[in-house]
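Q: generate a structure from the sequence data that follows.
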Amino acid sequence: MHGTKEKADAAEGPENKDASPLPAILEHLTAERARLRLPKLRRDRDAFDRLATATAALPGVQAVEANPLTAGMLIRHGGDFAAIAVAAKAAGLFSLEEAERAPDMLKELRARMKHLERGLRQHSEGALDINSASFLFFAAVGAVQLARGRVAMPALTAFWYAMNALRTASFDEARPKDGKKRKKR
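A: Model (predicted):
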């Protein structure tokens, strides 16, 4: 941990005053602490120690904990972290960058399910959708499990899923591609 003792030693600033600030990603921020990730310094203990010592010397910083293995730095501060970030950038220490947004897995899953739904409706001429196909699948699994004498959990679970799929089905009258109603047989 780098704290007040190191502030006096680091008052002169970091060794890399001429270098551009390192890119830092703000992972977490509260009123009392900020967690940064500095991927370029991963596993570089000496560079991380120098950066942590210099950061501890900034006004408003109470203590700094650095972990070169995770490329993480926890800054405990007593005030406005934005002012600390500005001072760090001016001193050539680090510059905050936007974190890359993680892909929205649910959005991607919904898009794939919509594509699957379209394909199912198209190939079945509107007779099947995801819910009705799920119902048929789980009802068949339940029947097979029941026929095998596995009446306990697997069969009951499959029937539960089948009923749930049936319950949530839209029951909209599906239309073929041409938009006309299908003839009932």
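
Q: and the nearest residue to residue 117 once chain neighbours are set aside, how far is that from residue 143?
A: Closest residue to residue 117 apart from its sequence neighbours, by Cβ to Cβ, 6 or more residues apart in numbering: residue 130 at 5.0 Å. C-beta: built from backbone N, CA, C; applies to glycine. Using Cβ to Cβ, to the nearest Å, residue 130 is found at 20 Å from residue 143.

Q: likewise for residue 98?
A: 53 Å.

Q: over to residue 20?
A: 67 Å.

Q: okay, those two: which has more neighbours?
A: Legend: neighbour count by other Cβ atoms under 10 Å for residue 20 and residue 143, higher for residue 143 (14 against 9).

Q: so which strand or helix has that one?
A: Using DSSP states H and E, residue 143 sits within helix 130-147.

Q: buried set for the helix or strand that that helix is followed by?
A: Downstream of helix 130-147, the first helix or strand assigned by DSSP H and E is helix 153-168. Applying a neighbour-count criterion of 16 or more other Cβ atoms under 10 Å, one finds 155, 158-159, 161-162, 165-166 buried in helix 153-168.

Q: can you add pLDDT and distance to residue 61 and give those back as CSV?
A: What follows is those, written out as CSV (pLDDT from 0 to 100; distance: Cβ to Cβ, whole Å):
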residue, pLDDT, distance to residue 61
155, 76, 62
158, 78, 59
159, 80, 61
161, 78, 55
162, 77, 60
165, 74, 56
166, 68, 60
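
Q: where does the protein dip in pLDDT?
A: The chain contains residues with pLDDT under 70 at 1-19, 99, 102, 152-153, 166, 169-185.
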